[in-house]
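Undergrad: the sequence and its predicted three-dimensional model are supplied below.
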Amino acid sequence: MGTVAGREGHGYLADMEELTEYLGHRRLGYLADGRSAALDTLLSGRVLTHRLTDTELSTGILDAHPDLIPLLPFDDHDHDPAAGGLHTIFRDLDDDVFDERGVDDPDWPKDAALLLERDALAEFRPGDLVALALIDGELRLTAAAVPPRPHPIFTGALADLMPPEGPEPLDGIVWQLMADDPTLLTAPTLLLGDLITATGYVCDGDFIAAAGFDFAAHRGASHAAAVAAAHHLTDQETDAVMTFVALIGVLEHTPDDERERAVDAVVATAGDRFAHLASPNAARAAFGEAYATLDAGTDTLHRAAAVLRDRGPRRTAPTAHWLAGKAAELDGATTDAERHYERAVSVDPNWDEALEALARFASDRGDAVRAIGLLDRVPGGDRDPMYELLRSFRPVDRPDLGRNDRCWCGSGRKYKVCH
C-alpha cells in the first residue's frame, strides 16, 4: 500500500501516518528515540531559565538559543504579546519585527526568538535570571527567585542518551530526557546551555553534539545532499554547484578590498569542479541556490558569471552567458539578457535553457516561427505550455486571401499583419 501511495504522489504510508498524527495534535513533539509525545503534557510544570541581556531588555525579544528551544512549540499564536502572550519569531523571516523593535545587529539572534510586549522586562536588569514555565497550557515568565543549582541527574542522563556520532535535534533530546524522568527541570536550575556545556556537549542552532564536532562541515554536507536531491544532480554536478555557492558567498560578503584575493582562493581550490556546471541541470541548480536560497543580488550574479566566463573551464561558457542573461533579465535589461542568451547558444547551439529563454523573447515579439524553431531544438520542447499557442499564430499560406483581407483566424486584423 505504501508503495502504491508513493507512486501515486501521495507519499509513503509511514509518512502519511506521521502527518495525520501531527495534524491531530498541533503540539506533538518527536523524541530522540523516534516516539512522539504530546508536549502540553510532557512540558507541564517544567521550568527553563534564561539570563537577560541589554538587547533583550531594550527590545522585549528573548533569544531562544539554546536555553528556550524546547519551549518554542508553545508560542501563543492567537494572542498579541501586549496581552501577555509569547510569540516565536525568526531571523530572516521576521526581520521587519526586529527592525521595528530597534535590533541593529542583523546577526542577532541567529535563528528563533520569543517576542514579548516591548516593556515586559522593564522590572529586570542585565544579567537577571528569568524562568519560563508552562502553566495551565500557557507559557509564563517570572523572575527565578530560587538560586539555580546544577541538576545532578541531567549530566549522566544526557551522556547516556547522546549517540557518539553526528548531531541530534536539541529539542528532541531534551524532550526525551523529560519523558524518561518526570522530575527533570521541574524547578529553576542552571541555564540549559550551561548544563549542556558542563556535560561535554555543544549546541549549534537547533542541534547538539559532542564538543569538537564539525558543525560547519555537517551543515555543508546536509546542504549539498538537499541540493542534489532537489535537482537530481550527480555527485560531480553537486560538487560544482556547491563550489559555485561558495563563490557566491565570497562575492556577496567579502569586503571590497579583500574580494579579489578571496575569489582567487575559490578559483584555485575549485580545480575542475566548475566544469560540471556545463550541464543545464547543474546550471539551474546553481542559479536557484544563489538567487532563491542565498538571496544573492543581481550584481553578485553578474560578477559570478564573469568569474565563470573568464576563469572557468571553456565548456562552462554557455552557463556563464546564461547566468549573466538571468541577472540582466532580473534587472529588467531585456536587450542585454537576450544578447547573453544568444552568446550562450553561439557557443553551444543545443543549450536548453538559453534556447527556451530566446523562445520566450521571440514569442513576446510575436515571432511565432522563430519561437517554435527554437523550442524544436530543445528535447521535449513541443511539450512546453506555449508551444501549442505559438502554433496557432504561425503564418499560414492562404492564396485565396488578399494581403489586406481580414485574417482567416478571426482576429479582425489584416491577413498581412496577422498570419
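TA: Good, I have the coordinates.

Undergrad: pull the longest helix from this structure.
TA: helix 235-253 (DSSP state H).

Undergrad: ok, and what's touching that helix?
TA: 220, 223-224, 227-228, 231, 233, 259, 262-263, 265-267, 270, 273-277, 279, 281-282, 285-286, 289-290, 294, 296-297, 300, 303-304, 307-308 (C-beta atoms under 8 Å, 6 or more residues apart in numbering). All C-beta spots, glycine's among them, are computed from the backbone N, C-alpha and C.

Undergrad: just want the most central residue of this protein.
TA: residue 293 (5.2 Å; C-alpha atoms, centre = their mean).

Undergrad: report the contact partners of that residue.
TA: Contacts of residue 293 (C-beta under 8 Å, 6+ apart): none.

Undergrad: got a list of contacts for the next helix or strand along the chain from the longest helix of the chain?
TA: From helix 235-253 onward toward the C-terminus, using DSSP states H and E, the following helix or strand is helix 256-270. For helix 256-270, contacts defined as C-beta under 8 Å, 6+ apart pick out 243, 246, 247, 250, 251, 254, 307, 311.

Undergrad: taking those, please make a ChimeraX selection of just the buried ones.
TA: What follows is the ChimeraX syntax selecting those of these that are buried according to 16 or more other C-beta atoms under 10 Å:
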select :243,246,247,250,251,307,311
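
Undergrad: so where does residue 320 fall, helix or strand?
TA: Using DSSP H and E, residue 320 falls in helix 317-330.

Undergrad: roughly how far is the following helix or strand past that helix from the heart of the chain?
TA: Once the chain leaves helix 317-330, the next helix or strand it forms, by DSSP H and E, is helix 334-347. In this view, helix 334-347 has its centroid 30 Å away from the chain centroid, taken as C-alpha atoms, centre = their mean, to the nearest Å.

Undergrad: mean confidence for the helix holding residue 320?
TA: The average of the pLDDT scores along helix 317-330 is 95.

Undergrad: need the contact partners of that helix.
TA: 277-278, 280, 282-283, 286-287, 291, 298, 301-302, 304-306, 308-309, 312, 334, 336-341, 343-345, 347-348, 351, 353-354, 357.

Undergrad: gap between the two ends of stretch 38-50?
TA: In stretch 38-50, first residue to last residue: 24 Å (C-alpha to C-alpha, to the nearest Å).

Undergrad: may I see the buried residues of it?
TA: 39, 40, 42, 43, 46, 47, 48, 49, 50.

Undergrad: what residues are up against the fifth one?
TA: Right, the one you point to is residue 46. So residue 46 contacts 70, 133, 134, 178, 184, 185, 186 (C-beta under 8 Å, 6+ apart).

Undergrad: run a quick neighbour tally on residue 264.
TA: Residues within reach of residue 264, counting by other C-beta atoms under 10 Å, total 13.

Undergrad: same check on residue 345?
TA: When neighbours are counted by other C-beta under 10 Å, residue 345 comes out with 20.

Undergrad: residue 179 now?
TA: Neighbours around residue 179, by other C-beta under 10 Å: 17.

Undergrad: that one against residue 37, yeah?
TA: Yes - with contacts counted by C-beta atoms under 8 Å, residue 179 reaches residue 37, the gap being 5.8 Å.

Undergrad: give me the common contacts of these two.
TA: Joint contacts of residue 179 and residue 37 (C-beta under 8 Å, 6+ apart) are residue 31.

Undergrad: rewinding a little: which of the buried residues of stretch 38-50 lies closest to residue 153?
TA: Among the buried residues of stretch 38-50, residue 46 lies closest to residue 153 (C-beta to C-beta), at 13.7 Å.

Undergrad: any quick PyMOL command for the buried ones out of the contacts of helix 235-253?
TA: Per 16+ other C-beta under 10 Å, the buried members of these correspond to this PyMOL selection:
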select buried, resi 224+227+228+231+233+262+263+266+267+270+273+274+275+276+277+279+281+282+285+286+289+290+296+297+300+303+304+307+308
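
Undergrad: list of residues touching stretch 50-64?
TA: 67-68, 71-72, 81, 88-89, 98, 101-103, 105, 108-109, 111-122, 124-132, 191.

Undergrad: er, stretch 153-163 I mean
TA: Contacts of stretch 153-163 (C-beta under 8 Å, 6+ apart): 32, 168, 173, 176-177, 180-181, 183-185, 189, 195-196, 198-201, 208-210.

Undergrad: now do the phi/psi pair for residue 38.
TA: For residue 38, the backbone dihedrals (degrees, to the nearest 10) come out as phi -80, psi 110.

Undergrad: so it makes contact with residue 44?
TA: No - Residue 38 is beyond contact range of residue 44, at 9.7 Å (criterion: C-beta under 8 Å).
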